[in-house]
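Asker: Okay, structure incoming, though there's no sequence with it:
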């Protein structure tokens, strides 16, 4: 079984692979909080809606320290299924890839080193007023991306924000892309009707219908997005002028691609999406169907992660479509396979995830 | 005339040079504010004592944006002599070396991207209670240094903190090193008696005399240091386990070396100091005399910067011993010479400084 699922034009896919194979990447996770995550039933990224504010901080505390500081244990879904940061952590340990944390805009800051860009936490998009300080955060993020691209061979950049697929749907819809039956979810039963209702309420409250912001992504973010997006897009835009960038995530990355395309198409040549099998094989998600509307040639890679043979039910649950992606899990698994193919295969990664999960349970 | 002045055991000096020549460095500036800078007569890093809080932010805004945002113009001394960030900026432009800003602890944050470690601004050391949150900031800085060392070939790390030579004297004295007639100053007439008085007042207020903290540098920082120090030392300690690190500064770097030595001697093998001719040839400063007490084999490099043929009086003034060093000016000049010797010589650097100064004057 192949460890890497490749989607897209074969020449583009192989060209991207050639440029990252055996190179030294930098991994960045961009954190955000949005009040949108607290709408009951929207997000599984936290044991209950109030806890979703703590999820991004706790995720990266686990990556840096091997234990969370802002909460007890690690972030879990309401059913007790653990954060995909477990996958990310295992890969960081195996690959020795460096980690930086970037702040999009949060209420709860992580107890780790982090890079700040002046962004603010996001509001509930159903009210149509979502994100502040977009221009300055985007500008600072670009400067940071430019600087970091001078020493990293390539960049892998993921996110941790509860409610992020709903705000991705918000931005995509406001930009006139059809994503309403294609967007992913951390829940096994995608609450897509609720998401559409939230987005439509946001559109209505600013007096527009879908589509007017195709060429004005900052307005789309301002009204219907989240604070992770401008910082993520800015870092990508700064870095991709010089080095390949793997956008590590599911359908949230489609919104980033739409934003970047509207702000400067040429760098799309240097960009690919890296996600998990759970996203690309999910019957309720259609990442490729969104990307085809924005950048049809864009390579999509998916790490062929399969937890069905895992010892623990908490991990096996991923095979039922819970969680699926997040904290750059798919992208960093791919980067580990790209850059360390001689030493690290998928079997090694799966064992390490199981081993780290066992450690957490025994605490 | 040689562009690089080399001080120390020739084998150590050449060994360090070999490991950094034509490699790709990362440059970091660590910012701090201390109330100590507001004691009248202590610091020249700001047009008046109240403005010294803005100097670090303004310095790095100039580096990132080519103009300051937190103040009008650029930081100047009370006599109108411009910040050494002019030198740093010229070298960053010529060398394309990446820049990151790290926050030790500040009252005024820069309008740039920056890395945060949880440090707090510093108090007046004459009261013996100088810095909070040292342990957590040091720990976060180490984690950051470890991660960044995985992609940078070597690190150049400077500082911007008004009042920093006084707090360096505080730490060195509390650790039992004799620095009182050796410490540098940004003023042409070093206010050394005032500095000693401030440090002695700090020692007295916690009921000690010089020397008790030789093995406990965190206590020395807590009572007589500044918030730049633990973050600077932490990043160096994290990075120098793996890559060479050039500490970019004058006698403030001696305090960092003392801190690092007490916390973990072995990494000193990977460390050198990089400063300016104005420091090593100043009759009132004895950097080597301090370093000999701590780590006699440590290589010291000085960029042979000479402003006597500059067109402008504001730059010529550096030859009268004003400013001398700061914002990593000496270290980044050296790194530009180390890494780009084929394309960039001292003459090119001096022209670029003059050109950038002319641009500022015409604004």
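Answerer: Structure's in. What do you need? If you're wondering where the values come from, they're calculated on a predicted model, not measured in any experiment.
Asker: Name the residues of stretch A:187-205 that are buried.
Answerer: Using 16 or more other C-beta atoms under 10 Å in any protein chain shown as the test for burial, stretch A:187-205 gives A:187-188, A:190-192, A:195-196, A:198-200, A:202-203. Just so you know, the C-beta spots here come from the backbone N, C-alpha and C atoms, and that holds for glycine as well.
Asker: what's the answer for stretch A:8-28, then?
Answerer: Using 16+ other C-beta under 10 Å as the burial criterion, the residues of stretch A:8-28 that qualify are A:8, A:12-13, A:16-17, A:20, A:24-28.
Asker: hmm, who's touching it?
Answerer: Contacting residues not belonging to stretch A:8-28 are listed as A:6-7, A:92, A:97-102, A:148, A:151-158, A:235, A:244, A:246, A:248, A:272, A:297-301, A:328, A:331-332, A:335, A:338-339, A:341, B:150-151 [C-beta atoms under 8 Å, 6 or more residues apart in numbering or on different chains].
Asker: run the last query once more with 7 Å
Answerer: The contact list for stretch A:8-28, computed with C-beta atoms under 7 Å, 6 or more residues apart in numbering or on different chains, reads A:6, A:92, A:97-100, A:102, A:148, A:152-157, A:235, A:244, A:272, A:297-300, A:328, A:332, A:335, A:338-339, B:151.
Asker: Count the residues that sit near residue A:50.
Answerer: Residue A:50: 10 surrounding residues under other C-beta atoms under 10 Å in any protein chain shown.
Asker: Nearest residue to it in space, ignoring adjacent ones along the chain?
Answerer: Leaving aside its chain neighbours, residue A:50 sits nearest to residue A:38 (6.8 Å; criterion: C-beta to C-beta, 6 or more residues apart in numbering or on different chains).
Asker: related to what we said a few turns ago, now tabulate the buried residues of stretch A:187-205 in CSV and tack on distance to residue B:211.
Answerer: Below are those laid out as CSV (distance: C-beta to C-beta, whole Å):
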residue, distance to residue B:211
A:187, 63
A:188, 65
A:190, 67
A:191, 66
A:192, 69
A:195, 65
A:196, 70
A:198, 65
A:199, 66
A:200, 71
A:202, 65
A:203, 69
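Asker: measure the residue nearest to residue A:50 to chain B for me?
Answerer: 26 Å (C-beta to the nearest C-beta, to the nearest Å).
Asker: correct me, but that residue touches residue A:52?
Answerer: Yes: counting by C-beta atoms under 7 Å, residue A:52 is a contact partner of residue A:38 at 6.4 Å.
Asker: More neighbours: which of those two?
Answerer: Neighbour count, other C-beta under 10 Å: between residue A:38 and residue A:52, residue A:52 has more, with 25 against 19.
Asker: What are the boundaries of the helices in the stretch 151-300 of chain A?
Answerer: Per DSSP state H, counting those that start in this stretch, the stretch 151-300 of chain A carries helices over the ranges A:164-174, A:192-205, A:217-224, A:228-240, A:252-263, A:277-280, A:287-294.
Asker: In the stretch 251-363 of chain A, which residue sits nearest chain B?
Answerer: In the stretch 251-363 of chain A, the residue that lies nearest chain B is residue A:339 (11.4 Å; C-beta to the nearest C-beta).
Asker: For stretch A:42-60, measure first residue to last.
Answerer: Start and end residues of stretch A:42-60 are separated by 22 Å (C-alpha to C-alpha, to the nearest Å).
Asker: So for that stretch, mean pLDDT?
Answerer: Stretch A:42-60 shows a mean pLDDT of 89.
Asker: Next to chain B, which bits of the stretch 101-250 of chain A? Give me the list.
Answerer: Residues of the stretch 101-250 of chain A lying near chain B by C-beta under 7 Å from any C-beta of the partner chain: A:112-117, A:140-141, A:143-144, A:147-148, A:150-152.
Asker: Kindly recompute the last result at 10 Å.
Answerer: Residues of the stretch 101-250 of chain A that fall close to chain B, judged by C-beta under 10 Å from any C-beta of the partner chain: A:101-103, A:109-118, A:136-137, A:139-153, A:231, A:234-235, A:238.
Asker: Quick check on these: which are buried?
Answerer: A:101-103, A:109-118, A:137, A:139-153, A:231, A:234-235, A:238.
Asker: Tell me which of the residues you listed fall in strands.
Answerer: Judged by DSSP state E, these include A:101-103, A:114-116 as members of strands.
Asker: Extract the residue ranges of chain A that are flagged as low pLDDT.
Answerer: For chain A, the stretches with pLDDT under 70 are A:1, A:265.
Asker: Give me the buried positions along the single longest helix found in it.
Answerer: Identified as the longest helix of chain A according to DSSP state H is helix A:346-362. Across helix A:346-362, burial judged by 16+ other C-beta under 10 Å covers A:346, A:349-350, A:352-354, A:356-357, A:360.
Asker: now do stretch A:325-345
Answerer: Of all the residues in stretch A:325-345, those buried under the rule 16+ other C-beta under 10 Å are A:325-340, A:344.
Asker: Test my guess that residue A:190 contacts residue A:250.
Answerer: No: in this structure residue A:190 lies outside contact range of residue A:250 using C-beta atoms under 10 Å: 11.7 Å.
Asker: Can you check which residues contact both of these two?
Answerer: A:165, A:183-184, A:282, A:285 (C-beta atoms under 10 Å, 6 or more residues apart in numbering or on different chains).
Asker: Make CSV from these and add neighbour count to it.
Answerer: Formatted as CSV, the shared contacts of residue A:190 and residue A:250 follow (neighbours: other C-beta atoms under 10 Å in any protein chain shown):
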residue, neighbour count
A:165, 32
A:183, 28
A:184, 30
A:282, 20
A:285, 25
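Asker: quick one: which two of these are the most distant?
Answerer: The span of these, defined through C-beta to C-beta, is set by A:165 and A:282 at 11.8 Å.
Asker: Could you name every residue contacting both of those two?
Answerer: Both residue A:165 and residue A:282 are in contact with A:184-185, A:190, A:250-251, A:324-325, where contact means C-beta under 10 Å, 6+ apart.
Asker: which secondary structure elements does the longest helix of chain A contact?
Answerer: Judged by 3 or more C-beta pairs under 10 Å, 6 or more residues apart in numbering or on different chains; DSSP states H and E, helix A:346-362 is in contact with helix A:85-95, helix A:313-316, helix A:329-339.
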